[in-house]
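K.L.:
Let me see the structure of the following:
(one chain, ligands or ions: 1)
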Amino acid sequence: MFRLDNKNALITGSGSGIGAAIAEVFAMAGAKVYVSDINPEAGMAIREQLVRSGHSAEFLQLDVADPESCRTASEKVLDSDGKLDILVNNAGIGAVGNMEQTQTEDLDRMFNVNVKGMYHVIRFFFESMKDRKKGSIINMASIGGIVGVRDRFAYCISKFAVVGLTKSMALDYAESGIRVNCICPGRVETPWVKKRLSEYPDPEEAYRQMASTQAMKRMGRPVEIAHAALYLACDESSFMTGETMVIDGGWNAGK
Ligand SMILES: NC(=O)c1ccc[n+]([C@@H]2O[C@H](COP(=O)([O-])OP(=O)(O)OC[C@H]3O[C@@H](n4cnc5c(N)ncnc54)[C@H](O)[C@@H]3O)[C@@H](O)[C@H]2O)c1
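P.N.:
Numbers count the residues shown, from 1 in each chain. Modelled structure (predicted):
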């Protein structure tokens, strides 16, 4: 159950946090994993960790905002393996600020990475998935793609767009054998969130404040998101497409 033997998977932004946890869980489930990240040191460290544990893993430097970089990465995977079974579009950036504090350039940056970045990576693997009539695409959205979050204007717009991208593609290709789903995590304790917490005068109080939006009053752990990604990646979820899987410690339950 929930195995990925003989499958390969590319996970963008897997040098850290949720992406790194997905890479590890997929590798443990038997997949050959392509760790990919804009940051080569971070990505190579995760790749080495996986290889040391006896898993099959490669590293690809990839900037999702740069179409040429996405093309090169897809050529490397397809030349080497002839296919990609699972694509996890996880790379993303955040920003704090309301509408008045957000400049056009901030919106452009957010969209280039969080939305157009997904489109670029998908485009370069899509033909091969279509030819094989097989593929699972998993997009990392956010609870901020389901409900508004204060002071996250640009981020929320981008994550609502990820949900739209997911549903629209799922409908268009529902009969093609390619499934497209997204995951909407609440707050998860990753390096990104830990860095933000460390900037507050009282990080423990800041943790309590941030976690208070979630009914469980704690943040999620990256591995708790990775297990959901495993389900969406494997054949046991074969009847599921266009879904937004919310994993938020109960944040959305009372809405
Ligand atoms: N942590 C949370 O609370 C949370 C909640 C909801 C959704 N998410 C989403 O989960 C995803 C991962 O978040 P995380 O918290 O693990 O972040 P993180 O910062 O720990 O990891 C993100 C990784 O993406 C890489 N990256 C950034 N820009 C890139 C680019 N242009 N091309 C390729 N790689 C790039 C970074 O180098 C980093 O290794 C993001 O899409 C984020 O929006 C996170």
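K.L.:
Within range of the ligand, give me the residues from the stretch 101-250 of the chain.
P.N.:
113, 117, 140, 142, 185, 187-188, 190-193 (Cβ under 6 Å from any ligand atom). Bear in mind the C-beta positions are built from the backbone N, C-alpha and C, glycine included.
K.L.:
Out of the residues you listed, list just those in helices.
P.N.:
113, 117, 191-193 (DSSP state H).
K.L.:
Looking at those, which one is closest to the ligand?
P.N.:
Trp192 (3.3 Å; Cβ to the nearest ligand atom).
K.L.:
show me the contacts for that closest one.
P.N.:
Trp192 makes contact with 16-17, 94 under the criterion Cβ atoms under 8 Å, 6 or more residues apart in numbering.
K.L.:
Output those in CSV, with pLDDT and secondary structure appended to each entry.
P.N.:
Listed next are those as CSV, based on pLDDT from 0 to 100; DSSP: H, G, I helix; E, B strand; the rest coil:
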residue, pLDDT, secondary structure
Ser16, 97, coil
Gly17, 98, helix
Gly94, 95, coil
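K.L.:
In a markdown table: those residues, plus neighbour count and distance to Gln214.
P.N.:
What follows is the contacts of Trp192, written out as a markdown table (neighbours: other Cβ atoms under 10 Å; distance: Cβ to Cβ, whole Å):
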| residue | neighbour count | distance to Gln214 |
| --- | --- | --- |
| Ser16 | 20 | 21 |
| Gly17 | 21 | 17 |
| Gly94 | 16 | 17 |
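K.L.:
Let's have these in CSV, adding distance to Ala170.
P.N.:
Formatted as CSV, these follow (distance: Cβ to Cβ, whole Å):
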residue, distance to Ala170
Ser16, 28
Gly17, 25
Gly94, 25
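K.L.:
near the ligand too, which of these?
P.N.:
16-17.
K.L.:
can you list the domains in the chain?
P.N.:
What automatic domain parsing lists as the domains of the chain is 8-185+222-245, 190-219.
K.L.:
Out of the ones you listed, the one nearest Ala253 is which?
P.N.:
domain 190-219 (5.8 Å; Cβ to Cβ).
K.L.:
before we move on, back to that, please identify the deepest-packed of the domains of the chain.
P.N.:
Most buried of the domains of the chain, by mean neighbour count (mean count of other Cβ atoms under 10 Å): domain 8-185+222-245, with a mean of 20.
K.L.:
and the end-to-end length of it?
P.N.:
For domain 8-185+222-245, the first-to-last residue distance is 22 Å (Cα to Cα, to the nearest Å).
K.L.:
what's the spacing between it and its chain's center?
P.N.:
In terms of Cα atoms, centre = their mean, to the nearest Å, the centre of domain 8-185+222-245 is found 4 Å from the chain centre.
K.L.:
one step back: of all the ones in helices among the residues of the stretch 101-250 of the chain next to the ligand, which two lie farthest apart?
P.N.:
Based on Cβ to Cβ, the longest span within those runs between Gly117 and Val193 and measures 20.2 Å.
K.L.:
what helices or strands is the lengthiest helix in the chain leaning on?
P.N.:
Secondary structure of the chain read by DSSP H shows that its longest helix is helix 153-172. If you count contacts as 3 or more Cβ pairs under 8 Å, 6 or more residues apart in numbering; DSSP states H and E, helix 153-172 packs onto helix 104-114, helix 116-132, strand 135-140, strand 178-185, strand 244-247.
K.L.:
Any chance you could list what contacts that helix?
P.N.:
92, 94-95, 97-99, 101-102, 106-107, 110-111, 114-115, 118-119, 122, 137, 139-142, 144-146, 148-149, 179-182, 184, 241-244.
K.L.:
Also stretch 40-59?
P.N.:
Contacts of stretch 40-59 (Cβ under 8 Å, 6+ apart): 14-16, 20, 23-24, 27-28, 31-37, 60-61, 80.
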